[in-house]
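Undergrad: What follows is a predicted structure for the sequence shown.
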Amino acid sequence: MGRHSLPDDGTARGTRSRPAAARRRTVVVATLLVLAVAGGAAVAASGGLLSFGDSCQDSAVRLDLVASPDLAPAVRSVAERARRDKVTSDGSCIDVRVTARESYRVADALAAGQDPGFAVWIPDSALWVDRAKEGGDGVPVATAGHVALSPVALALVAPAAKTLGWPARTYTWAQLTTAVTRPDGPRLGAADPARSATALLALSSVARSTAEQGSDGATRAAALTRLLARRTSAGDAQVTGTLTRDGSGPTHTDPHRNQAVVLSEQAAFAYNAGRGPALGLDLFYPEDGAPQLDYPYTIVRQNRLSTDRSRAALRFLTLLGEPESRRALARGGFRAPGEPVAEELVRTAGGGSPQPYATSSAPAPSAKEIEDALGMWTVTVQSARLTTVVGASGSMAAPVPGSGGRSRMDVTKESLLRALAQFTPDDEIGLWEFATRLDGARDYRELVPTARLGDPVAGGRTQRDRLTAAFGALRPVPAGATGLYDTVLAAYEKATAGYRPGRFNALVVLTDGANEDPGSVSRGELLTRLRALADPARPLPMIAIAVGPDADEAAVKEIALATGGAGYQVSDPAEIQAVMLKAILTAGRATATG
């Protein structure tokens, strides 16, 4: 997922400057202006960036806009006012038609290259714009500005909030994690982070905060992830429906309802409106920073828009920033970028002093933090069954530049052990190694059969202990070459025979060389047989990682694609763990929606 940035929110003391990363994000306004000028008409700035006539021309400019469901009502009200007041762009009325659609669905459709049917998209977070850009083959999108802001916080029913000291006591994300994961802590729920920017930003913030607390940070973040995985809603719209109906605190007897949920401030505002303090939610704003939903105004297929529609798109963006429009957004519970926080909005949402609702703004999670959080979520929520196949040819003894003399195998083992730590006792993992003539005439050998990491094995150990020892014992075979094709075929045949429904099944292959066994199946025959084995009803993608400059990247990618998987290239074996988690996330998302 690409790098992104969320803008700073305003503070009660005035407007805060945007960080450099946020300034880089809004770069397409100039491009839109170029498009407008290219139409040959003069552009005047009078109350906006474009010229406006006193009356409409014969026909209006139609602009289809898709918005996040929480924002859509406020945007629709602005669009209706624009039609009613005959707001124009270069003398033509603008007719903006607003459709509500979940941001993750739009992002996935755009990433897949599907015809969007709309010119402007306002998701709830720049995360989705980044997802839409993944792979580089989707529909082009570019952000022109930001419409609204809403910080992400932890909302609790009032009695439960009081037990945690609200509003006087403040917490970091790490401290909140400790409080809600205690056996007597409030029952916590959230939306699925794969579908909710609110939940994903919170999960990333928890991981960052706990990592700063010491060596057990990853354990605490994983504990929260496991807890959330048991109480996850399909999407943002369903989260508040899981709360206790009568505002009861920790003594409430219904174990299926939550007392705490991860919410945006706007969602808490919408929930509390009309309920009153006794039945409303209270918000904890983490003192180490609340990430924000930033509602990017995104132009879709900008280069295909007519000049009139380009102008209309920019005119509507300026209209959304005008005072009356901002008041409409505030009535919906949204903050305005670059403006002080409205105290009444915060009070309705459940905030109160000394909670740091006005000054606590978290730096945007990095691309790696987002990928790590999603990877952790994927392997926690959907138990995995993975067979890991590691090349052990003599070239694995080659030193890795800049590693202090460590070999490719040494760095690979370290990366694999870090990846292993991300999996739960319910995940199933096995290990093969391969090199030419490793086991008689065969190029491969199964070292550890695929089984649950928590299962006991001989000697009072577990499958995890057994795998840890096996990873540590991997050694390059001095005279061994890369017997890739026969190994892949044998491992895929066994993995498909052992397919486990209800799990994310995959074959992970790591190789640092091209196939060097002249007696093996040909690449063409291998591809034919893999395609015959692959069954869309029982998806088992291959995640193939080409390690180092000697690996055959093209072959790796073609072989993986035959199974519905994907191939990756890494120059440094230390990158294996990150690539594995990203690949598992991508493949898991594809199999879940395919």
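TA: Structure received.

Undergrad: pretty sure S77 belongs to a helix, no?
TA: Yes. Secondary structure of S77, determined by DSSP: H, G, I helix; E, B strand; the rest coil: located in a helix.

Undergrad: what's the distance between it and R464?
TA: Noted for S77: a distance of 55 Å to R464, by Cβ to Cβ, to the nearest Å. (Glycine included, C-beta is placed from N, CA and C.)

Undergrad: Name the residue in these two with the higher neighbour count.
TA: Neighbours were counted for S77 and for R464 using other Cβ atoms under 10 Å; R464 has more, 20 against 16.

Undergrad: elements contacting the one helix or strand the more buried one maps to?
TA: For R464, the host element (DSSP states H and E) is helix 463-473. Packed against helix 463-473, as judged by 3 or more Cβ pairs under 8 Å, 6 or more residues apart in numbering; DSSP states H and E, are the following elements: helix 408-420, strand 428-439, strand 442-452, strand 456-457.

Undergrad: In that helix, which residues are buried?
TA: Neighbour-count burial for helix 463-473, counted by 16 or more other Cβ atoms under 10 Å, picks out 463-464, 466-468, 470-471.

Undergrad: If you tally nearby residues, what's the number for P323?
TA: Other residues lying near P323 total 8 when counted by other Cβ under 10 Å.

Undergrad: Oh, that last question was meant for T143, not what I typed.
TA: Here the number of neighbours of T143 (other Cβ under 10 Å) works out to 20.

Undergrad: That one looks like it's in a strand, true?
TA: Yes. Going by three-state DSSP, the assignment for T143 places it inside a strand.

Undergrad: hey, what's the nearest residue to A583 once chain neighbours are set aside bridged with?
TA: Spatial nearest neighbour of A583, chain neighbours left out: I543 (4.3 Å); criterion: Cβ to Cβ, 6 or more residues apart in numbering. On DSSP bridges, the residues paired with I543 through beta bridges are V508, A566.

Undergrad: what do you get for S407?
TA: P399.

Undergrad: what about it, distance to K494?
TA: Looking at S407 against K494, where the rule is Cβ to Cβ, the gap reads 28 Å.

Undergrad: Skipping adjacent residues, who's closest to A336 in space?
TA: Among residues not flanking A336 along the chain, R326 sits closest, at 4.7 Å (Cβ to Cβ, 6+ apart).

Undergrad: Run a quick neighbour tally on that neighbour.
TA: Neighbour count of R326, defined by other Cβ under 10 Å: 20.

Undergrad: That one sits in which helix or strand?
TA: Using DSSP H and E, the secondary-structure element containing R326 is helix 323-331.

Undergrad: other SSEs contacting whatever helix or strand comes next after that helix?
TA: Under the assignment DSSP H and E, the closest C-terminal helix or strand after helix 323-331 is helix 343-349. Using 3+ Cβ pairs under 8 Å, 6+ apart as the contact criterion, the neighbours of helix 343-349 among helices and strands are helix 265-272.

Undergrad: got the angle for the helix it packs on vs helix 323-331?
TA: 70 degrees (axes from the mean of the first three to the mean of the last three Cα atoms, to 10 degrees).

Undergrad: Rounded mean pLDDT for helix 265-272, please.
TA: Summarised as a single mean, pLDDT over helix 265-272 is 96.

Undergrad: just use 402 as the starting number from now, easier for me
TA: Right, with 402 as the first residue, what we last looked at is helix 666-673.

Undergrad: got a list of contacts for that helix?
TA: 471, 549, 551-554, 556, 599, 637, 640-641, 664, 681-682, 684, 694, 733-736, 746-747, 749-752, 758 (Cβ atoms under 8 Å, 6 or more residues apart in numbering).

Undergrad: Could you give the average pLDDT over the helix or strand just after that helix?
TA: Proceeding C-terminally, helix 666-673 gives way to strand 682-685 as the next helix or strand, assigned by DSSP H and E. Averaged across strand 682-685, pLDDT comes to 96.
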